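J.: Just need the structure, nothing else, for what follows:
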Amino acid sequence: TGVQTCAFRSRSTDPYITPKPWTKSDATTIDTLLKSSPFPPGANSLEFTYGTTSTVASYLYLTILLSQHLAFCHLHRLPTPLPLQQACSSLEEAITTWSIAQESLVSVPKTDYETLSLVTCHVLAFHASVAVYFHTLIRPCSLSLLRSYNKTCISNLLAAEALKCSHSARMGWNSMAPIVWPGFIAACEAGPEQRPLWRVWWIGVQRYSIGSIGVLWGVVQEVWEMRDEGEREVPGWRAVLKRNGRRVMSGG
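T.: Just a heads-up that it's a prediction; the model follows:
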């Protein structure tokens, strides 16, 4: 699952979508959609290493997959099949109604409150960014909802870093790389009023001295500049990467 997670994070920030035809055998309900996911229920190794759960990782996988089907329709100027529309609606409902209470987080003992808090912050941030990703890639939503998910993401990423830097933090936490994928996806869609908090987080995580973090922060700032100039294409990161002919690895 670790290799699969890295692969899907990498695909998620590819500015060029690979179109895939929709077939009649494809699923439309969330239960049947999840059966196609490479992340089996209970894949708890994702929680501490990647800051997500098998369910939320599956939502990311399905968002990428459905965007490929939609891209095929767009490329060939075909109407979107009703079952594909239903599949998108099923995924949207699942993402919207998801709650951290649904997750068992069995990789952490229930008595280890500090680690449980850290993992919870990462999972909440990851889910919020998947919601941002879905609404910028597949189905637009209101600006207020997008800002709400953005606020959830940055709040939890800042909280996670605060936990790692606290005096009571466990040994090894302070050097543990941050979960960057949620920050990259959400920060690109941050409103002007949300940018100061994002700057705090991005500047703070530079201390890890991971090359990709600096590159991603550069892309985020380019997106903000593009938006300030009046360009509204979404996702913002895709517009910037296409314009510059680049690809990025979205980190942890």
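J.: Can you check the pLDDT for Met249?
T.: Looking at Met249, its pLDDT reads 63.
J.: same question, Thr28
T.: pLDDT, Thr28: 91.
J.: now do the one 4 residues further on
T.: For Thr32, the model assigns a pLDDT of 94.
J.: on contacts alone, who are the packing partners of the helix or strand hosting it?
T.: Thr32 belongs to helix 30-34 when elements are defined using DSSP states H and E. Packed against helix 30-34, as judged by 3 or more Cβ pairs under 8 Å, 6 or more residues apart in numbering; DSSP states H and E, are the following elements: helix 54-75, helix 82-97. All C-beta spots, glycine's among them, are computed from the backbone N, C-alpha and C.
J.: now the biggest helix by length in the chain and helix 82-97, what's the angle there?
T.: Scanning the chain for the helix with the most residues, using DSSP state H, yields helix 113-137. Helix 113-137 runs at 150 degrees relative to helix 82-97, counting by axes from the mean of the first three to the mean of the last three Cα atoms, to 10 degrees.
J.: Rounded mean pLDDT for helix 113-137, please.
T.: pLDDT averaged over helix 113-137 gives 94.
J.: what's the angle between the helix or strand that comes right after it and helix 113-137?
T.: Counting by DSSP H and E, the next helix or strand C-terminal to helix 113-137 is helix 143-165. Inter-element angle recorded for helix 143-165 and helix 113-137: 150 degrees (by the same axes, to 10 degrees).
J.: buried residues in helix 143-165?
T.: For helix 143-165, a neighbour-count test (16 or more other Cβ atoms under 10 Å) marks 146-147, 149-154, 156-161, 163-164 as buried.
J.: Also stretch 221-231?
T.: Across stretch 221-231, burial judged by 16+ other Cβ under 10 Å covers Gln221, Glu222, Val223, Trp224, Met226, Arg227.
J.: Closest one of these to Tyr133?
T.: Closest approach to Tyr133 among the buried residues of stretch 221-231 (Cβ to Cβ): Val223, at 14.1 Å.
J.: in which helix or strand would I find the closest one?
T.: helix 211-228.
J.: any residues touching that helix, and which ones?
T.: Residues from elsewhere that reach helix 211-228, judged by Cβ atoms under 8 Å, 6 or more residues apart in numbering: 178, 180, 183-184, 187-188, 190, 192, 195, 198, 202, 205-206, 236-237, 239-241, 244, 246, 248-251.
J.: hmm, which of those are the buried ones?
T.: 178, 180, 183-184, 187-188, 190, 195, 198, 202, 205, 236-237, 239-241, 248, 250-251.
J.: Relative to Pro178, how far out is Gln68?
T.: Distance check for Gln68 against Pro178: by Cβ to Cβ, to the nearest Å, it reads 29 Å.
J.: how deep is Val119 tucked in, by neighbour count?
T.: Neighbourhood size, Val119 [other Cβ atoms under 10 Å]: 23.
J.: Kindly report the same for Ile17.
T.: Per other Cβ under 10 Å, the neighbour tally for Ile17 reads 18.
J.: out of the buried residues of stretch 221-231, who's nearest Thr53?
T.: Using Cβ to Cβ, these come closest to Thr53 at Val223, 27.7 Å.
J.: State the distance from that closest one to Pro140.
T.: Distance from Val223 to Pro140, by Cβ to Cβ: 17 Å.
J.: looking at it, Leu116 is touching Lys110, isn't it?
T.: Yes - here Leu116 reaches Lys110: they are 7.0 Å apart, a contact under Cβ atoms under 8 Å.
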